[in-house]
Each structure stands twice: as C-alpha cells, then as structure tokens.
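*Asks:* dropping a prediction and its sequence here:
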Amino acid sequence: MPTPSPTTWHIHSHDCVPSTNDLALADTLDAWNLHRSAHGILHIAHQQTHGRGQHGRAWSSPKGGLYLSAVAENIPPLHRHRLPLVVGVALAQALESSNLPQLQIRWPNDLVFQQKKIAGILCESVARGDNFATIIGIGLNLNTAPQAFPPDLQPRAPSLSTLIGHPLAPQKISRAIPHHLADALHRTAEIGLSWAIDFARSRDPLLGQTLRIHTHDQHLTGRGAGLSPTGELLLDCSGTLRSITLGTLTHLADLPLR
C-alpha cells in the first residue's frame with residue numbers, strides 16, 4: 001500500500017483528548033474489524049490528559065501544545081527501529097518551513113532547541129493477523145505557558161514559543177507537520193533511510209558530549225561519536241566504539257534527562 005501523500009491524511013482535530021495515540025489505536029482496530037485499511041488516519045489535539053512517552057512514562061501535555069498521532073501501515077521491518085529518527089527529521093523540516101530557527105535531532109526520539117527538549121516522538125506497533133501498523137505519536141511543546149508544566153520539567157522542557165520569545169501560529173504548523181511527515185515516509189519507502197540519517201547527523205547535539213545510555217541489559221558511559229550509516233548511536237567508551245541500536249539516553253554532560 002502506498003504511503004499517504006500530503007493530501008490523503010484523514011485528519012481528526014480535537015481541543016482536548018486523553019491520548020491521540022489511543023484514539024489512533026482504537027481507530028486502527030475498528031478499521032481492521034471492518035476489513036478496511038487504517039492507513040492515513042491522523043488525530044491532532046491541543047491538549048492531552050493522559051499523554052505518554054517511551055516505556056509508559058507520562059508525557060505532560062498541557063494546553064498550548066500540539067499532540068499528533070498518525071497511522072502508517074506497511075512500514076518495512078528494516079525501517080521500524082529508525083522511524084523516530086525519520087519522524088524527527090520531518091518535524092524539524094515542518095517547523096523550519098514555518099520560519100522557525102534550525103532545530104537539532106537528539107537520538108533516539110527528541111527534538112531540541114537551545115539545548116532544551118521541545119518535542120518527543122513515540123512510535124507504537126500494533127498487529128492482528130496479517131495486519132500491521134505503526135502509530136506515530138508526536139508531542140510538541142509549542143505555546144504552552146511555563147507554569148503549565150510540572151515544576152521538575154520546567155527547566156528541561158520549555159515551550160518553543162518561550163525560547164523564541166513570541167507566540168507561534170498553531171494552525172500553520174499543524175498543517176505543515178502532516179505534509180512533511182507524509183513526504184518523509186514516502187521518501188524513506190522509495191530510497192531508504194540514508195537521507196534522514198544524513199540530515200540527523202548534521203543536527204546532532206550529542207556529538208562529542210559525555211553520555212550515559214541505558215540499554216536492555218546494561219548502562220554505558222562514553223562520548224557521542226555520531227550516527228552509524230544505519231542510524232545507530234555511536235558511543236566512544238574509553239577508546240572502544242560501541243554501536244547502540246536501542247537504548248534510553250539518561251544523562252547528557254552528567255545532567256540527568258530522566
């Protein structure tokens with residue numbers, strides 16, 4: 001099945017929902033129950049009451065943000081682990097097309113501006129029988145008032161408008177994100193991941209930084225050495241180069257991120 005073009009998303013807009021990922025998941029299962037494709041369903045909201053991030057962690061989703069979840073079927077297996085990187089590139093391009101400054105893409109699933117996290121990406125898989133889909137979730141701190149975030153998050157995850165110094169137009173950005181997301185998915189399906197990895201390498205805030213990474217079975221500390229040709233994080237551990245396929249970045253320059 002072809003990747004949706006910018007004009008074929010089935011967009012549902014909301015003011016406030018529990019979770020856009022949960023809405024997209026429910027719509028996917030409903031479509032499959034009716035023997036239909038769920039490909040191209042997209043939910044976007046300005047507030048979530050039960051947003052979530054990686055590993056089931058709560059994702060603070062106050063009013064003023066943009067929270068988006070899109071359904072993509074038939075993502076090739078080789079691309080699934082690197083999908084957050086592709087989505088991060090699409091999000092950076094969407095924001096920059098709206099006349100915003102250059103953003104950085106922090107492996108594995110964050111967007112950063114002025115060393116502050118302003119967006120996170122959560123890709124969740126769902127399968128039933130021969131059906132497989134990925135729910136692509138984006139949480140963007142756009143115009144959220146600083147006091148709307150929990151106190152522990154305020155120093156680490158401000159809104160983009162706070163960092164730039166003026167409010168941003170959510171309508172313009174909410175139109176740009178689906179357009180660039182569709183383009184990124186289509187481009188990846190056509191030519192693979194190399195274009196997105198090259199883009200992310202040029203916007204890598206971890207290069208040369210002291211990092212602590214938690215993988216499934218160990219904690220590693222080293223210096224960021226860029227991205228591999230297939231999108232793994234390269235970590236220089238006292239002269240030994242490690243390639244991290246999946247992991248959680250817990251500390252950057254000795255500062256905790258989680």
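*Replies:* Thanks, I have the structure now.

*Asks:* where do the helices sit along the stretch 101-250 of the chain?
*Replies:* For the stretch 101-250 of the chain, the helices defined by DSSP state H, counting those that start in this stretch cover 160-164, 170-191, 194-201.

*Asks:* count the residues that sit near Ser202.
*Replies:* Per other C-beta atoms under 10 Å, the neighbour tally for Ser202 reads 10. C-beta coordinates here come from the backbone N, C-alpha and C atoms, glycine included.

*Asks:* thinking again about what came up before, make CSV from the helices of the stretch 101-250 of the chain and add mean pLDDT and mean neighbour count to it.
*Replies:* Formatted as CSV, these follow (pLDDT from 0 to 100; neighbours: other C-beta atoms under 10 Å):
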stretch, mean pLDDT, mean neighbour count
helix 160-164, 92, 18
helix 170-191, 94, 18
helix 194-201, 97, 18
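
*Asks:* of these, which is nearest Thr240?
*Replies:* Comparing these by their distance to Thr240 (C-beta to C-beta), the top pick is helix 194-201, with 21.2 Å.

*Asks:* helices or strands up against that closest one?
*Replies:* The contact analysis (3 or more C-beta pairs under 8 Å, 6 or more residues apart in numbering; DSSP states H and E) places helix 194-201 against helix 83-97, helix 170-191, strand 219-227.

*Asks:* same list (the helices of the stretch 101-250 of the chain) but as JSON lines, adding distance to Thr245.
*Replies:* Formatted as JSON lines, the helices of the stretch 101-250 of the chain follow (distance: least, C-beta to C-beta, whole Å):
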{"stretch": "helix 160-164", "distance to Thr245": "30"}
{"stretch": "helix 170-191", "distance to Thr245": "18"}
{"stretch": "helix 194-201", "distance to Thr245": "13"}
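
*Asks:* got the helices and strands packed on helix 194-201 as a markdown table, with distance to Thr49 columns?
*Replies:* A markdown table is the format used below for the helices and strands packed on helix 194-201 (distance: least, C-beta to C-beta, whole Å):
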| stretch | distance to Thr49 |
| --- | --- |
| helix 83-97 | 23 |
| helix 170-191 | 19 |
| strand 219-227 | 33 |
